[in-house]
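Q: Here's a sequence, model it:
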Amino acid sequence: MKKRTVTGILVGGLMAAVVPIVAAAQTEGEITLTYSENMTCDSGQGSAMALPACEMSEDGTVLDLTFVNPQTRSGAFDGHSVLYGWLEGNLAEGTFEAGGTTFFSGEVEGCGSGTVYFDWVASGVLDESGALIWETNTLTSVPGGTLPVTATTVELGANDAVQNDDGSFTMISPVTYSCDAAVLGQSSAPVTVVVPGTDQWTDTGIDLKIDDTVSIEADGEVTPSAGGVPLHGPDGVPDGRGQQYNLEGLEEANHNSLIGRIGEDGAPFQVGSQLQSKADTDGRLFLGVNDVGVANNAGEFTATVTVNP
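A: Below is the predicted model of the structure:
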């Protein structure tokens, strides 16, 4: 194990153990976190980039560092995160304070996939060699993410992180977390998605869980043959015209109507101008056009999607 000095900055892996601050159902697990140190100011670390100098007080006793540390994690929290942080070291007193924001994107087991923002506050002392010894190290979830997780991280395992051959660091920490039941019971904010008539499928960016209630309202106009067939709305071409060009599984639906699927390989289903339905599987929601040959289409649909978990 290699200790890091204040100029080498050990700050990357600080979002490792999450403790809920609400009395919801709790889950205990484990997180393996690997992170890299990425200074955004020059303290003599020999960066190949032209970084601005880190700030030092006139008497040379207080050093201010900034960093953006990429992180990957597996276990109960599975995904990627980035720590945008600062650290102020008081060399005369042998102490330091740190803070910033962590952005997590991925899956929290039992809570779903999405994003979580955390405020980070930490402090500690410098030993005789200048190594950082963490005494407090807390991340608290704040509004802004899409994942219904209420959590506070208290992680002093940074003192025992192991350096890997590539220079990154890894730590394993227990985690206790909870999904925010109040948030889970609310509808998501409506998401507006533009569905071009020339694209077979459009990624909505919305991840669904089984039994989520999905409401879609759509408008706009598309023609299945630019310059040859009149524009029509999301309900498609009426009277069965053009159905020979429909996607497999939707042969009887209106041609060129708005359709959907869950997951890259999910079965397509009719949406039209309005749909409310329960998701029958987990996965990403895609919207598209019921046409095997979209290249000669023109126009676009606009869909508003609301999800009630």
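
Q: how close does the residue nearest the centre of the chain get to residue 158?
A: Most central in the chain under C-alpha atoms, centre = their mean is residue 105, positioned 2.5 Å from the mean C-alpha point. In this view, residue 105 and residue 158 are 22 Å apart by C-beta to C-beta, to the nearest Å. C-beta here means a position set from N, CA and C on the backbone, and glycine is covered the same way.

Q: Residue 158 belongs to a helix?
A: Yes - judged by DSSP: H, G, I helix; E, B strand; the rest coil, residue 158 forms part of a helix.

Q: Give me the pLDDT for the residue nearest to it when sequence neighbours are not counted.
A: Nearest-residue entry for residue 158: residue 134, 5.1 Å, with adjacent residues in sequence omitted and distances by C-beta to C-beta, 6 or more residues apart in numbering. We have a pLDDT of 89 for residue 134.

Q: Find the helix or strand that residue 134 is a member of.
A: strand 132-142 (DSSP states H and E).

Q: Buried residues of that strand, list them for me.
A: 132-134, 137-141 (16 or more other C-beta atoms under 10 Å).

Q: so what secondary structure elements neighbour it?
A: strand 112-126, strand 152-154 (3 or more C-beta pairs under 8 Å, 6 or more residues apart in numbering; DSSP states H and E).

Q: so residue 145 touches residue 113, yeah?
A: No - applying C-beta atoms under 8 Å as the test, residue 145 and residue 113 come out as separate, 11.3 Å apart.

Q: Please point out which parts of the helix or strand harbouring residue 81 sit buried.
A: Using DSSP H and E, residue 81 maps to strand 77-90. Neighbour counts over strand 77-90 (16+ other C-beta under 10 Å) mark 77, 79, 81-83, 85-90 as buried.

Q: how's this structure carved up into domains?
A: Domains of the chain are assigned by automatic domain parsing as 18-184, 191-308.

Q: one step back: check the buried residues of strand 77-90 and tell me the two furthest apart.
A: Distance extremes for those: the farthest pair is 79 and 90 at 35.0 Å, using C-beta to C-beta.

Q: JSON lines for the buried residues of strand 77-90, including distance to residue 192 and pLDDT?
A: Shown next, in JSON lines, are these (distance: C-beta to C-beta, whole Å; pLDDT from 0 to 100):
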{"residue": "77", "distance to residue 192": "30", "pLDDT": "87"}
{"residue": "79", "distance to residue 192": "25", "pLDDT": "95"}
{"residue": "81", "distance to residue 192": "28", "pLDDT": "95"}
{"residue": "82", "distance to residue 192": "27", "pLDDT": "95"}
{"residue": "83", "distance to residue 192": "31", "pLDDT": "94"}
{"residue": "85", "distance to residue 192": "34", "pLDDT": "95"}
{"residue": "86", "distance to residue 192": "36", "pLDDT": "96"}
{"residue": "87", "distance to residue 192": "40", "pLDDT": "96"}
{"residue": "88", "distance to residue 192": "43", "pLDDT": "96"}
{"residue": "89", "distance to residue 192": "47", "pLDDT": "94"}
{"residue": "90", "distance to residue 192": "50", "pLDDT": "95"}
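
Q: Can you add distance to residue 43 and give those residues back as JSON lines?
A: As requested, the buried residues of strand 77-90 are arranged in JSON lines below (distance: C-beta to C-beta, whole Å):
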{"residue": "77", "distance to residue 43": "30"}
{"residue": "79", "distance to residue 43": "30"}
{"residue": "81", "distance to residue 43": "24"}
{"residue": "82", "distance to residue 43": "20"}
{"residue": "83", "distance to residue 43": "17"}
{"residue": "85", "distance to residue 43": "14"}
{"residue": "86", "distance to residue 43": "13"}
{"residue": "87", "distance to residue 43": "10"}
{"residue": "88", "distance to residue 43": "13"}
{"residue": "89", "distance to residue 43": "10"}
{"residue": "90", "distance to residue 43": "15"}
